[in-house]
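J.: Pasting a predicted model and its sequence here:
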There are 2 protein chains.
Amino acid sequence: MKVSELAKRSGVSIPTIKYYLREGLLPTGTPTATNQSSYDDEHLRRLRLVRALIDIGGLQIAQVRATLGVVDDDSAPLHEAFGAVMTGLAELPSSPPPDDVAVAEVDVDTWLESRSWTVAPGAPARRRLAEALTTLQRFGIAMGAADLDQHADFAEQVARLEVDFALAAPDRVAAVETMLVGTVVLERAHAEVRRLALEAVSAAARPDPSPPPTSSRSPSPPPG
Amino acid sequence: MKVSELAKRSGVSIPTIKYYLREGLLPTGTPTATNQSSYDDEHLRRLRLVRALIDIGGLQIAQVRATLGVVDDDSAPLHEAFGAVMTGLAELPSSPPPDDVAVAEVDVDTWLESRSWTVAPGAPARRRLAEALTTLQRFGIAMGAADLDQHADFAEQVARLEVDFALAAPDRVAAVETMLVGTVVLERAHAEVRRLALEAVSAAARPDPSPPPTSSRSPSPPPG
C-alpha cells in the first residue's frame, strides 16, 4: 500500500509516519518505480504498536526505539526478550537510591525470593516498587509483604494467561510484540478500572443524601 | 524551619524548592526578620506530595498545579474533590474520539451501569479505558465485560480499603492528599508488581532447560 493508505488505515498522519521513518521506529518500505515506497501489513502493525506505546504507555521516542530494538533482535532467547522489554520500558537513574529506598529494595528482593519469582537482578521494577513503597510509607500508608502477596497472587494469575497468549503467537516478533502490547496497554486498562473503582466507591461512601444517578439502590421506585 | 532544613528533610534541592514556590506548587513560607522565610511540616508534606506526583506519577508541572488546586479548594464536597482529582490526573484531548473508540466508550458506559458504579460523565477514565480496549482489540486481545468484571471486583475490594483510609484522615486536605497519593503511588506499585509477575511467569514458562536461580521447584536436592 502507499503511504497515504497506511495513514488512512492507521489513523496516523503522513508527516508523523515520515517522522517515525526518519527516527527508525518504522522500517522503510519497498521502493517502487514512481519514486515512492510501498508498505504492507507489517508496517501497519508496527505503526499501531508505536502509537500504543506513545499514546497509551506514555513512552518517549527514544524509549520506543530502544524497546523496538529488543523486539527485532532475534539473537536473544524469548524469555530474555520479554525481560529486556520490561527493562526498556522504564529507565532508572544511574545514581544510587536514597537510604530508605535502598532498604525497601532489599525488602522487595527478599519478598521476590519468598515467592520464588525469577526476575533479572537489574530489573527496574525492583527499584520502582521500592520507591513507591517508600513514598507510601512517608504518607503513613503501610504496604507489607501480605498486601504485596494479595496483589501478586492476582497479577500472577493474569500474567499466566498473558504469557500463554503471547507464546501462542505465530512467530517470535509477534510473540514479543504481543507481550509488549499486553504489558503497556493492559497495565493502562487495569489502572483505569482502578480509578473508576475509586471514584465509584468514594461516591457510594459520601455522606451526601441525594441518591447517585445510576445507583440500583434507590430507596423508592420512580413515580408512575 | 529554614529552606535549607526543608531541603535536607525532603531530599529536594533548594533551587528546586524555589522553583516550586515560583510555580505555585508550594505555599510561601512565613517571612522572618532576616529576609528569609520559615517553613513547617505542612510544607514538608506538600513537597513530598509534589515529588510523588512528578517522580512516581509522571505528572507535568501544570498537571500538578491543577491537581493541587482541587486539593486546596475546600468549597467542593469531599466526593467531588476525589472525582476532580481523578480528572486532574489525566487530560483528554478536546477532539472527538475515532469511531472505534467511540463505540468502545458506549460499551464502557454500559458496563459501568451494569456494575451500578457512579462515575462522573466527563471522567477521563471512561475514554482512556475505551482507548486501551480498542488498542488491545487491534492486536487481537479481546477484553470483554467478564474480564473487566474480574479486575473490577478486585479493584473495588482494594478501593474500599483506600477510601476508608482516606476518610479517616484528620481533615479535608489530608483526606484528599491521601486519596491522591493512594491513586498515583499505589497504581505505580500495582503496575510494578504486575511487571515482576509477567517476568517471573515468562521465566517459568521458558523452554530453557537450566533451572532458574531462585526457583523452589528444583527437581533434585542440592548435593551434600
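T.: Received it, and whenever you're ready, just let me know what you need.
J.: Assign a three-state SS to A:Pro170, would you?
T.: Following DSSP: H, G, I helix; E, B strand; the rest coil, A:Pro170 is assigned to coil.
J.: tell me the contacts of it?
T.: For A:Pro170, no contacting residues are found, by C-beta atoms under 8 Å, 6 or more residues apart in numbering or on different chains. Where C-beta positions appear, they are placed from N, C-alpha and C, glycine not excepted.
J.: So for stretch A:80-94, what gets flagged as buried?
T.: A:Glu80, A:Ala81, A:Phe82, A:Gly83, A:Ala84, A:Val85, A:Met86, A:Thr87, A:Gly88, A:Leu89, A:Ala90 (16 or more other C-beta atoms under 10 Å in any protein chain shown).
J.: what's around A:Ala104, how many residues?
T.: A count of nearby residues for A:Ala104, using other C-beta atoms under 10 Å in any protein chain shown, gives 23.
J.: max-length helix in chain A?
T.: Assignment by DSSP state H gives helix A:145-167 as the longest helix of chain A.
J.: ok, it near chain B or not?
T.: Yes: using C-beta under 8 Å from any C-beta of the partner chain, we find that helix A:145-167 touches chain B at A:148, A:151-152, A:154-156, A:158-160, A:162-165, A:167.
J.: what do you get for stretch A:43-56?
T.: Yes: judged by C-beta under 8 Å from any C-beta, stretch A:43-56 comes into contact with chain B through A:Arg48, A:Leu49, A:Arg51, A:Ala52, A:Asp55, A:Ile56.
J.: got those residues as TSV, with pLDDT and secondary structure columns?
T.: Listed next are those as TSV, based on pLDDT from 0 to 100; DSSP: H, G, I helix; E, B strand; the rest coil:
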residue	pLDDT	secondary structure
A:Arg48	91	helix
A:Leu49	91	helix
A:Arg51	92	helix
A:Ala52	91	helix
A:Asp55	87	helix
A:Ile56	88	helix
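J.: ok, residues contacting whichever helix or strand comes after the longest helix of chain A?
T.: Past helix A:145-167, further along toward the C-terminus, the next helix or strand under DSSP states H and E is helix A:172-181. Contact partners of helix A:172-181, identified using C-beta under 8 Å, 6+ apart, comprise A:45, A:49, A:52-53, A:67, A:70-72, A:74, A:78, A:81-82, A:85, A:162-163, A:165-167, A:169, B:135-136, B:139-141, B:198, B:202.
J.: Stretch A:153-164 now?
T.: With C-beta under 8 Å, 6+ apart as the criterion, stretch A:153-164 contacts A:82, A:179, A:182, A:186, B:154, B:190, B:193-194, B:196-198, B:200-202, B:205.
J.: Figure out how far it is from the centre of its chain.
T.: 14 Å (C-alpha atoms, centre = their mean, to the nearest Å).
J.: got the buried residues for it?
T.: Residues A:Phe154, A:Ala155, A:Glu156, A:Val158, A:Ala159, A:Arg160, A:Glu162, A:Val163 are the ones in stretch A:153-164 that count as buried (16+ other C-beta under 10 Å).
J.: For it, what does the pLDDT average out to?
T.: In this model, stretch A:153-164 carries a mean pLDDT of 92.
J.: what do you get for stretch A:9-22?
T.: Stretch A:9-22 shows a mean pLDDT of 93.
J.: Tell me the buried residues in that stretch?
T.: A:Ser10, A:Val12, A:Ile17, A:Tyr20, A:Leu21.
J.: any idea how far the last one is from A:Gln63?
T.: Okay, so that is A:Leu21. 18 Å (C-beta to C-beta, to the nearest Å).
J.: Please apply the same query to the third one.
T.: Applying C-beta to C-beta, the value for A:Ile17 to A:Gln63 is 19 Å.
J.: Likewise for the first one?
T.: Using C-beta to C-beta, we find A:Ser10 at a distance of 20 Å from A:Gln63.
J.: if we can go back for a sec, nearest to chain B among the buried residues of stretch A:9-22?
T.: A:Ser10 (9.6 Å; C-beta to the nearest C-beta).
J.: The closest one reaches A:Arg51, doesn't it?
T.: Yes: between A:Ser10 and A:Arg51 there is a contact under C-beta atoms under 8 Å: 7.3 Å.
J.: which element follows the helix or strand bottoming out on mean pLDDT in chain A toward the C-terminus?
T.: Least confident helix or strand, chain A: helix A:78-89 with a mean of 81, by mean pLDDT, DSSP states H and E. Using DSSP H and E, the helix or strand that follows helix A:78-89 in sequence is helix A:99-114.
J.: For that next one, buried residues please.
T.: Buried residues in helix A:99-114, counted by 16+ other C-beta under 10 Å: A:Asp100, A:Val101, A:Ala104, A:Glu105, A:Asp107, A:Val108, A:Trp111, A:Leu112.
J.: cool, stretch A:193-208 as well?
T.: For stretch A:193-208, the neighbour count (16+ other C-beta under 10 Å) marks A:193-206 as buried.
J.: Stretch A:115-128 too?
T.: Applying a neighbour-count criterion of 16+ other C-beta under 10 Å, one finds A:Arg115, A:Trp117, A:Thr118, A:Val119, A:Ala123, A:Pro124, A:Ala125, A:Arg126, A:Arg127, A:Arg128 buried in stretch A:115-128.
J.: so which of the residues you listed are also by chain B?
T.: Among the buried residues of stretch A:115-128, the residues within reach of chain B (C-beta under 8 Å from any C-beta) are A:Arg115, A:Trp117, A:Thr118, A:Val119, A:Ala123, A:Ala125, A:Arg126, A:Arg128.
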